[in-house]
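[1] need the 3D shape of this:
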Amino acid sequence: MSIVSGPDRELRIIYSILVNGSMLLTAYFGWTLGGGWLPLQIVLALIFAVISRAVGKMFERAAYYRSQHDNIGWLRCIILGVMFAIANIVTDYGSSAAIRDANTVAAQNANALAKDTRGEVIRIEKRIAEIRAQTAWKTTYLAPSAYDALIAAAELVRDNESKRGGCGRICEAKTKELAELQAAKANAQHRLALKAEMVQLERELVEAKAKAADNKVESSAALAQVKAMVAWVGFDRNASEAKVFWGNNAIMLITCVLTTLGIIYLATELGADQPVERRPEPVHAPRYLPEPAALQTEPAPVRQAAQAARMDTYRRTTPVEEQQTDNLDRLRREMEQFLSARPELANRVSA
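    As a prediction, the model looks like this:
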C-alpha cells in the first residue's frame, strides 16, 4: 500500500506546498521573461506555472498506468514528465537567481550609500581637525580691514624718509614694519577664511551625521547564508568573490533539483495510491446457444426455421476447420446422450 493512503495527509500537504511554491517560481520566471508588456507577462506566467503542475501530474499518471499494466501510457507519461522536470529545474533556478540577485544588489547599493555618508563624515571631521591645528598656535590678529590704516601710515613715513636723501634708519624700520603689517593682514585674512570654513564644515558635519544615521549598513540574508556555508566548506573566513558566486549558484541549483525530485516522488506515491480499475474479463459466447425458452413453446415449423437461420449464420461466419471440430464435438455429445439413454448398449460398447 502507498505511504500516502489512509489518514496520513501530511505528505499530501507537503506535495501541495512543493508544487505551489514551484509554480510561483516558474510563474515569476515567465513574468520577467515578458519584458514589461503586461499581456505577454500574464500569458507566459500562466504557461510556465503549468509546467510545474505538469511535472507532478505526469508522474502521478505514470504510476497509475503502471498499476494498470499499461506500459505504453506509463512510458509516454515518463518521457513528458522528465521533459517538464528539466524545464521546471531551469525556470526555478532562473527565478531564484533573479530574486537573490535583486536582494544582493539592493543590499550592496544601500551599503555603498552608507559607506559614502560615513566617508563624508570622516572627511569633514578630518578637515576640521586640520583647521584647528593650523589656528591653535597662532596669535590673535586684528580684523583685516584694521591693518589698512597701519600699512598706509608706515608707507607714508617710509616715503617721506626716502625723499629726504636716501633710506636711513627710520626708513629701514618702517620698511620692516610695513612688511610685518602686510604679513599680519594676510594671516588675518587667512584666519578669517579658515573660521568661515570651520563654520560651514560644522554645519555640513551635522547634516552628514544625520544622513549617515538614516543610511545604515544593511546585511543581505541571502549573501550571508552563502558566505557562512562557503566559509565552512573551505574553512576560510574571507572567501573570495568567485567562491561566493559559485557557492550561491550551487545552493540554488541543489535546492531546485531537490524540490523537483520531491514533487516527482510524492506524485508517484499519489498515483500509486489511486484505486486500481478492474477491467471485466471478456466473455466468450458459446458456439451453440441453447434455444430460448420462448421458442420451446412455439410450433415446430417456427423452431425449425429459427434453428436453420442460426445454422446458416454459423456456416457463413465460422471457418471450415472450426465447423469440423464442432461437428465432431456435437457427434460425441449426441453419442453420449444416446448411450446414457440405453444402458444396455453402453455396457456392450464398453465390453
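
[2] which SS state does His69 fall under?
    Put simply, His69 is coil when judged by DSSP: H, G, I helix; E, B strand; the rest coil.

[3] which strand or helix spans the spatially most central residue of the chain?
    Geometric centre of the chain, nearest residue: Ser96, 2.9 Å, by Cα atoms, centre = their mean. Assessed by DSSP states H and E, Ser96 sits inside helix 71-136.

[4] OK, contacts around the residue nearest to Met58 when sequence neighbours are not counted?
    Leaving aside its sequence neighbours, Met58 sits nearest to Gly81 (Cβ to Cβ, 6 or more residues apart in numbering; 3.3 Å). The way it works is simple: take the backbone N, C-alpha and C, and place the C-beta from them, glycine included. By Cβ atoms under 8 Å, 6 or more residues apart in numbering, Gly81 lies in contact with 54-55, 58-59, 62, 264.

[5] how close does Gly81 sit to Tyr265?
    12 Å (Cβ to Cβ, to the nearest Å).

[6] local confidence estimate at Gly30?
    pLDDT, Gly30: 88.

[7] could the C-alpha coordinates of the helix or strand harbouring it be exported in CSV?
    Element membership for Gly30 (DSSP H and E) is helix 10-33. Taking Å, rounded to 0.1, in the frame of the first residue of the first chain, the C-alpha atoms of helix 10-33 are listed here in CSV:
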residue,chain,number,x,y,z
GLU,A,10,0.8,15.3,5.9
LEU,A,11,2.6,14.2,2.7
ARG,A,12,-0.3,15.4,0.6
ILE,A,13,0.2,18.8,2.3
ILE,A,14,3.9,18.7,1.6
TYR,A,15,3.3,17.8,-2.0
SER,A,16,0.8,20.7,-2.4
ILE,A,17,3.3,23.2,-0.9
LEU,A,18,6.1,22.0,-3.1
VAL,A,19,4.0,22.2,-6.2
ASN,A,20,2.5,25.6,-5.5
GLY,A,21,5.9,27.0,-4.5
SER,A,22,7.5,25.8,-7.6
MET,A,23,4.5,27.1,-9.6
LEU,A,24,5.1,30.6,-8.1
LEU,A,25,8.8,30.5,-9.1
THR,A,26,8.1,29.4,-12.6
ALA,A,27,5.4,31.9,-13.0
TYR,A,28,7.8,34.6,-11.9
PHE,A,29,10.3,33.4,-14.5
GLY,A,30,7.6,33.8,-17.2
TRP,A,31,6.6,37.2,-15.8
THR,A,32,10.1,38.5,-16.0
LEU,A,33,10.5,37.0,-19.4
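
[8] pretty sure Gly34 sits against Gln41.
    Yes. At 3.1 Å, Gly34 and Gln41 qualify as touching, with contact defined as Cβ atoms under 8 Å.

[9] is Asn238 part of a helix or strand, or is it coil?
    Secondary structure of Asn238, per three-state DSSP, is coil.

[10] can you show me the helices along the stretch 201-350 of the chain?
    Along the stretch 201-350 of the chain, counting by DSSP state H, counting those that start in this stretch, helices occupy 221-234, 241-272, 293-296, 300-317, 320-341, 343-350.

[11] now the terminal residues of stretch 62-79, how far apart.
    Using Cα to Cα, to the nearest Å, one end of stretch 62-79 lies 10 Å from the other.

[12] average pLDDT for it?
    Per-residue scores along stretch 62-79 average to 90.
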